[in-house]
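S.K.: sequence below, structure please.
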Amino acid sequence: MVHSLLAALFSLILYSSSMAELTRFFHPAKSDGTLSLLAIGDWGRNGTFNQSLVAYQMGMIGEELDIDFIISVGDNFYESGLRDVDDISFEESFCKIYTAKSLQKQWYSVLGNHDYRGNVMAQLDPILKQIDSRWLCMRSFIVDAEIANFFFLDTTPFVKKYWKNPKKNQYDWREVAPRKRYISSLLKELEIALGESAATWKIVIGHHTLRSVSEHGETPELVKLLLPMLINYGVDIYINGHDHCLQHISSTDSFIHFLTSGGGSKAWRGIIMPTMENLQFFYDGQGFVSLQLSSTDAEIKFYNVFGDVLHQWKITKEFYDYIV
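M.R.: Residues are numbered from 1 along each chain as shown. Sure thing, here's the model as predicted:
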């Protein structure tokens, strides 16, 4: 365990882009050029609502696939994020739950709307990494994993309704307000980064849905402001949580695949609302997603709390050598 933790720490080489301000991390692929990872969201409930069962299966699948890291798509701690850096929820919902040897890898995490209801600065504080070295949570950042670039986005500030009724839920907008300036800056940085990316796979991660047939449906602000950019720059996959289910939706007007991995704990909401998009898979329960990437293929699988593969498919990219 110590060796894997040290390896993860040394592999995280922080570097700055000369053109974009998004923080970048380097995470090497395996020696054969492949990459394996898990994605999970909406999980932090002290092990309840099957969180512990999902964690157990993540450990089993993580070992089978020899995963390189884990992605958390937000709503990391319920119901209202963390109180401060000493909040016991960090250990009770994270450190003591994801204990399998295969899960002792770097966790890359973004914030969800429930995280914003707590002390956001606590969840972003480097002190948490001293408690558990796996933890890395930032508002927005990029992970360069050689064959793939992962763009992690802070989507909560995009949603206007969170700003309009502070009496219902208090949101921690420190370092975010004013909203329009923050979003404008983030989108400009993202566009530069997407334009610079020469990776085979471009994968964007955010908490909120772009396409969904479940309770929250589409997020209008993201459909308007973010989706056109993802299409324009050839993004392959968008991964989100927010809806507490598992979904795979393919686009009718682009090559983007929309994956929902929000089954980390509380689920079974019983809501499905078909849309005009191509629904490939929907499961209204707990589970998680795996991605296995190579220079030509991406294989994605959805698992339930028993480790059963509920849905899988493969994307293949063909590259041609042109003779002039």
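S.K.: spell out which helix or strand contains the residue nearest to Thr219 when sequence neighbours are not counted, please.
M.R.: Excluding the flanking residues, the one nearest Thr219 by Cβ to Cβ, 6 or more residues apart in numbering is His208, at 4.5 Å. All C-beta spots, glycine's among them, are computed from the backbone N, C-alpha and C. For His208, there is no host helix or strand (DSSP states H and E).
S.K.: mind listing what His208 touches?
M.R.: Counting by Cβ atoms under 8 Å, 6 or more residues apart in numbering, His208 makes contact with 113, 155-156, 158-159, 216, 219, 222, 240, 242.
S.K.: now those residues as a markdown table including neighbour count, pLDDT and distance to Phe258?
M.R.: Converted to a markdown table, these look like this (neighbours: other Cβ atoms under 10 Å; pLDDT from 0 to 100; distance: Cβ to Cβ, whole Å):
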| residue | neighbour count | pLDDT | distance to Phe258 |
| --- | --- | --- | --- |
| Asn113 | 22 | 97 | 19 |
| Thr155 | 31 | 98 | 13 |
| Thr156 | 27 | 98 | 18 |
| Phe158 | 22 | 98 | 16 |
| Val159 | 21 | 97 | 17 |
| His216 | 20 | 95 | 13 |
| Thr219 | 23 | 98 | 11 |
| Leu222 | 21 | 98 | 11 |
| Asn240 | 31 | 98 | 7 |
| His242 | 27 | 98 | 12 |
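S.K.: which among those residues gets closest to Ser295?
M.R.: Nearest to Ser295 out of the contacts of His208 is Asn240 (Cβ to Cβ; 25.7 Å).
S.K.: my understanding was that that closest one contacts Phe258; is that so?
M.R.: Yes. Counting by Cβ atoms under 8 Å, Asn240 does reach Phe258; the two are 7.5 Å apart.
S.K.: who are the packing partners of the strand or helix carrying Leu310?
M.R.: Using DSSP H and E, Leu310 falls within strand 309-316. Here strand 309-316 is seen to pack against strand 246-250, strand 278-283, strand 297-303 when contacts are counted using 3 or more Cβ pairs under 8 Å, 6 or more residues apart in numbering; DSSP states H and E.
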